[in-house]
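1. No sequence on hand, only this structure:
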């Protein structure tokens, strides 16, 4: 399935080569925008707003709030990647769960060990305003025993990602992305979560952004 989906993506793009490109993974800036997660079988896993602190390595994703829809997952996640902490927040009931974050991979940043695949143009590269040039990166998700493919703009803004796993695969797209943190409070731990103890992780459980959609 991984090869088939990757081939499909590049059939929709005008592939090019860029010998002058250094072909090292880039890192995304601070961002605010909207994220959609869609299972390859067609189920909508989530849609919502995200806030990402590139320097502080923090991510907040709140699904099904700004654009409610019939999704199978309703999430409010706050992740501190450097600290290895994940909060699952229930703002309605003012409660949360504090967990160990085992895997730091997420769809907003290209991993350092990613492999460059191609530079390509979506739409038309010759008509002004009708094309988007992206670089695509691939790699293995060791913690999930799967693979990924990520496409980012030349300024390293994420556009879309595919994550492939033996039990579940899904597609992530980013829209209305702005390279700023509009509301820094989104990246703060809510007051009702501050005293919550760290939960013990059941054997065999992997806590990560990606596993929330598995």
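-> All right, it came through fine. Here the structure is a predicted model, which is why all the values come from computation and not from measurement.
2. residue ranges of the strands in the protein, please?
-> 13-16, 31-39, 44-53, 58-63, 76-80, 85-90, 95-100, 115-123, 131-141, 146-153, 158-164, 170-178 (DSSP state E).
3. right, and the ones you listed - which one's nearest residue 191?
-> strand 95-100 (10.5 Å; CB to CB). Just so you know, the C-beta spots here come from the backbone N, C-alpha and C atoms, and that holds for glycine as well.
4. which helices and strands does that closest one pack with?
-> strand 85-90 (3 or more CB pairs under 8 Å, 6 or more residues apart in numbering; DSSP states H and E).
5. average pLDDT across the strand it packs on?
-> The average pLDDT within strand 85-90 is 97.
6. And the contacts of that strand?
-> 75-80, 96-101, 189-190, 193, 198, 207-208 (CB atoms under 8 Å, 6 or more residues apart in numbering).
7. Of those residues, select the buried ones using a ChimeraX command.
-> Buried subset of the contacts of strand 85-90, written as a ChimeraX selection, criterion 16 or more other CB atoms under 10 Å:
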select :75,76,77,78,79,80,96,98,99,101,190,193,207,208
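8. Please identify the most buried of the strands of the chain.
-> Mean neighbour count (mean count of other CB atoms under 10 Å) peaks for strand 58-63 among those, with a mean of 23.
9. So which elements touch that strand?
-> If you count contacts as 3+ CB pairs under 8 Å, 6+ apart, strand 58-63 packs onto strand 44-53, strand 76-80.
10. Confidence-wise, which of those is weakest overall?
-> strand 44-53 (a mean of 93).
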